[in-house]
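K.L.:
structure, please.
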Amino acid sequence: MSARQMVALVARREVRERLRSRTFLYGTLILLVCVGASAAAPALVAPETTYRIAVTEPVPQGLGPALERAGDPFDTDVRLQPVGSAAAGREALEDEDVADALLVLGDDRLVFRTTVDTELAAVAESAVRTVRGHAPPAPELTADTLDPDNGESSDAAVLVAMAGSILLLISLSVYGQWVLVGVLEEKSNRVVELVLSAVRSRHLLAGKVIGIGLMGLGQLGLVAGLTAALFVAGVFDAPASLGVSAALVVSWFALGFALYAFGFAAAGAMASEQQDAATAAQPLTVTLAAAYMVGYIAVSADSGSVLAHVLTVIPLTAPLVLPARNALVRVELWEHALAVVLVLVSIYALVRLAGRVYDRGLLHTGPRLGLRTAWRLAHRP
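P.N.:
A predicted model of the protein is given here:
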């Protein structure tokens with residue numbers, strides 16, 4: 001049997017074991033329920049949104065009631081504030097406490113402060129068409145902003161960055177623990193001795209990481225698919241950067257999992273009993289938490305700082321920092337390429353090191369191997 005076949009055999013075994021696990025199935029169901037509940041919760045608990053639109057005089061008769069009717073499907077209350085001129089309307093719009101948008105009917109323009117609110121734009125468009133009696137030609141309102149390039153991150157971009165980073169942190173921690181616990185279960189049941197009689201340790205390591213990684217991607221894929229369906233259905237307001245951010249989260253989950261999973265497997269090989277799992281995984285969980293905290297502080301403080309640039313390409317922090325930072329500011333293509341190359345090089349080096357620790361520690365019984373002992377074993381010929 002070739003090396004590829006042995007790795008595939010072990011990966012299929014891991015997939016079957018996870019699919020038979022009630023914990024995995026219930027966990028997937030709980031995640032899907034949480035996504036569905038997050039879609040229903042705003043409609044149940046969120047108060048009605050109030051928008052204030054400054055309108056240049058003369059205000060067409062019936063525009064106020066038309067805006068109220070157009071806002072009903074969105075649970076919004078739209079209030080008019082007549083202004084004498086477009087200049088006066090701009091002043092009102094610049095004051096956040098006065099107006100949320102400026103409707104210049106003479107130019108068929110709807111002006112926002114910094115970002116276009118698609119919901120309010122749809123309400124205003126519907127109301128204006130109603131007042132004009134749908135009479136052709138009925139020009140559409142042109143949505144514009146006072147300061148589109150102010151360099152500030154929108155609330156949607158911040159939400160995407162935070163959610164993606166937290167999702168990656170949780171996913172890498174949970175699926176890494178799966179790898180560690182799987183290794184310990186085989187050691188404690190002495191199943192590994194039988195497995196190693198047919199499969200080499202490095203093939204066992206690779207198959208285990210690939211199999212669990214595929215299950216993790218599948219679970220995230222189901223959650224992402226449901227979320228995407230809710231966005232398409234209009235349940236959520238999707239920011240323009242959502243597609244790119246989701247793609248980066250998925251791809252960097254794969255790279256980050258490959259980077260950390262081999263470390264979790266080696267940690268499992270160093271431990272002897274299930275009680276040692278938390279202690280064995282501590283260096284890796286601390287590293288993940290530290291990478292998240294340092295990256296969060298650096299990116300939220302100044303996403304364009306030198307530290308944020310450095311953390312974007314460092315292998316240990318890149319899986320958590322790069323997708324989040326890209327959701328806030330445009331990460332240059334060379335940074336994407338450099339981060340991927342450095343992570344792939346680190347994965348290769350870690351595979352060789354973790355493979356040796358895994359090979360030496362898999363059959364080890366007795367006290368848990370320390371890092372220094374494991375390092376010496378890994379470099380022993």
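
K.L.:
when you work out contacts or count neighbours from here on, use the C-alpha atoms and nothing else.
P.N.:
Fine.

K.L.:
average pLDDT across stretch 56-69?
P.N.:
Taken as a whole, stretch 56-69 has an average pLDDT of 81.

K.L.:
only the buried residues of that stretch, if you could.
P.N.:
Neighbour-count burial for stretch 56-69, with 16 or more other CA atoms under 10 Å as criterion, is recorded at 56, 57, 63, 64, 66, 67, 68, 69.

K.L.:
span of that stretch from start to end?
P.N.:
Taking CA to CA, to the nearest Å, the span from the opening residue of stretch 56-69 to its closing residue is 21 Å.

K.L.:
picking up where we left off before, including secondary structure and distance to residue 103, could the buried residues of stretch 56-69 go into CSV?
P.N.:
As requested, those are exported to CSV (DSSP: H, G, I helix; E, B strand; the rest coil; distance: CA to CA, whole Å):
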residue, secondary structure, distance to residue 103
56, strand, 7
57, coil, 10
63, helix, 11
64, helix, 12
66, helix, 14
67, helix, 12
68, helix, 15
69, helix, 17
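
K.L.:
and the residues you listed, which is closest to residue 94?
P.N.:
Relative to residue 94, the closest of the buried residues of stretch 56-69 is residue 56; by CA to CA it sits at 15.3 Å.

K.L.:
per-domain residue ranges of this protein.
P.N.:
In the domain annotation for the chain, the residue ranges read 3-39+153-378, 47-145 (automatic domain parsing).

K.L.:
any idea how far the last one is from the chain center?
P.N.:
On the basis of CA atoms, centre = their mean, to the nearest Å, the separation between the geometric centre of domain 47-145 and that of its chain is 34 Å.

K.L.:
how deep is residue 215 tucked in, by neighbour count?
P.N.:
With neighbours defined by other CA atoms under 10 Å, the count for residue 215 comes to 19.

K.L.:
contact partners for it?
P.N.:
When contacts are counted by CA atoms under 8 Å, 6 or more residues apart in numbering, residue 215 is found next to 15, 18.

K.L.:
which SS class is it?
P.N.:
Three-state call for residue 215 (DSSP: H, G, I helix; E, B strand; the rest coil): helix.

K.L.:
do the same with residue 51
P.N.:
Local secondary structure at residue 51 is given as strand here, using three-state DSSP.

K.L.:
wait, it touches residue 78, no?
P.N.:
Yes. Distance between residue 51 and residue 78: 4.8 Å, which falls inside the contact criterion (CA atoms under 8 Å).

K.L.:
many thanks, I have nothing further to ask.
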